[in-house]
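Q: no sequence on hand, only this structure:
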């Protein structure tokens, strides 16, 4: 049974991921507790059954992480500004999402730093993307895992977040395959979060 689970992890883990994401987004009052629980649950099998790469020295991880995290923020910010030029209402959904789910206490940022962001990267890039390579090429694995990540975020009824999730998944997935370093993509993800929520929030 353990060998079957190890070989076909996605059969069990993807439905569980979507169930837990839905559970977390269902109730805004307990979102931070449930999302943290979801990440702890999802990253545990990844740590056990998948090799987690860390092939860069620390200073290179920091440099690449800072650079690509800033790039990710730039892509999201530019995409937001371009959508503002269209008749599509993007400011409303963004404002609503931030009101319901944005971090507002030091505990939220600590959870993001030590559990949520590492958990997302360990699960989506470390487990899902790597396991998809059993069935698909590396390029297709990056694309499909990014779409799955965006689809999970769709459960929060936040359509701009779906596209942001897919874009972030593509960049982080490519970066992980290129540099073979989990710390790099965790740092990049954290830099993007800090820029989005603290330093240069979207003007809504």
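A: Done, it's in. Please read all numbers here as calculations on a predicted model, not as lab measurements. Numbering: from 1, shown residues only.

Q: going forward, measure contacts between C-alpha atoms and count neighbours the same way
A: Fine.

Q: excluding its backbone neighbours, what's nearest the residue nearest the centre of the chain?
A: Centre of the chain computed as the mean C-alpha position; nearest residue by C-alpha atoms, centre = their mean is residue 120, 4.9 Å away. Spatial nearest neighbour of residue 120, excluding adjacent residues (C-alpha to C-alpha, 6 or more residues apart in numbering): residue 39 at 6.5 Å.

Q: thought residue 116 was touching that neighbour, still the case?
A: Yes - counting by C-alpha atoms under 8 Å, residue 116 is a contact partner of residue 39 at 5.8 Å.

Q: okay, buried residues for stretch 111-124 please.
A: 111-113, 115-124 (16 or more other C-alpha atoms under 10 Å).

Q: inside helices: which ones of these?
A: 111, 117-120 (DSSP state H).

Q: okay, these in TSV with distance to residue 144 and pLDDT next?
A: Listed next are these as TSV, based on distance: C-alpha to C-alpha, whole Å; pLDDT from 0 to 100:
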residue	distance to residue 144	pLDDT
111	27	95
117	20	97
118	20	96
119	19	96
120	15	96
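
Q: can you give me the helices in this structure?
A: Ranges of helices in the chain, per DSSP H, are 2-7, 9-26, 31-49, 58-84, 91-101, 106-111, 117-120, 129-132, 138-153, 159-179, 182-194.

Q: make TSV out of these and add distance to residue 203.
A: As requested, these are exported to TSV (distance: least, C-alpha to C-alpha, whole Å):
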stretch	distance to residue 203
helix 2-7	45
helix 9-26	24
helix 31-49	24
helix 58-84	9
helix 91-101	8
helix 106-111	21
helix 117-120	24
helix 129-132	33
helix 138-153	21
helix 159-179	14
helix 182-194	15
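
Q: these: which one's closest to residue 202?
A: helix 58-84 (6.8 Å; C-alpha to C-alpha).

Q: mean confidence (pLDDT) on that closest one, please.
A: The average pLDDT within helix 58-84 is 94.

Q: ok, now stretch 123-142?
A: Taken as a whole, stretch 123-142 carries a mean pLDDT of 95.

Q: tell me the spacing between residue 44 and residue 37.
A: Remark: distance between residue 44 and residue 37 (C-alpha to C-alpha, to the nearest Å) = 11 Å.
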